[in-house]
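# The following comprises the amino acid sequence and a computationally predicted model.
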Amino acid sequence: MKKTELTLPEIALIAGTRGVLGAGLALLLADRLTDDQRKAVGWALFLIGAITTIPLALGVFGKRQ
């Protein structure tokens, strides 16, 4: 089994980016805002979450032993 050691700030960043990604997805699926507002905010949050997850994932997989 491969082990990866993460620091608390790394775990917080991973959780934060996943949260933003989920919030963006939730807004895309929700009906509480107007269509234009919902799509703009939802896509922005979703893309920010997805884009910031990529370097974090590469860093985590690069630390595997």
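That came in fine, so what should we check first?

# What separation is there between Gln37 and Gly59?
Gln37 sits at a distance of 34 Å from Gly59 (criterion: CB to CB, to the nearest Å). C-beta coordinates here come from the backbone N, C-alpha and C atoms, glycine included.

# Any stretches of this structure with poor pLDDT?
Scanning the chain for pLDDT under 70 picks out 1, 63-65.

# And the longest helix anywhere in it, what does it pack against?
In terms of residue count, the longest helix belonging to the chain (DSSP state H) is helix 35-62. Applying 3 or more CB pairs under 8 Å, 6 or more residues apart in numbering; DSSP states H and E, one finds that helix 35-62 contacts helix 8-29.

# from the middle of its chain, how far away would the helix it packs on be?
4 Å (CA atoms, centre = their mean, to the nearest Å).

# how about Ile14, what does it touch?
6, 53, 56, 60 (CB atoms under 8 Å, 6 or more residues apart in numbering).

# does Arg32 count as helix, strand or coil?
coil (DSSP: H, G, I helix; E, B strand; the rest coil).

# what about it, how many residues close to it?
Per other CB atoms under 10 Å, the neighbour tally for Arg32 reads 7.

# State the distance from it to Thr4.
For Arg32 relative to Thr4 (CB to CB), the value is 38 Å.

# hang on, the earlier thing: compare Gln37 and Gly59 (neighbour count), which wins?
Using other CB under 10 Å as the criterion, Gln37 and Gly59 rank with Gly59 on top: 14 against 11.

# isn't that one right up against Glu10?
Yes - taking contacts as CB atoms under 8 Å, Gly59 lies within contact range of Glu10: 7.4 Å.

# Hmm, Ala23 is touching Leu45, no?
Yes - using CB under 8 Å, Ala23 is in contact with Leu45, at 5.2 Å.
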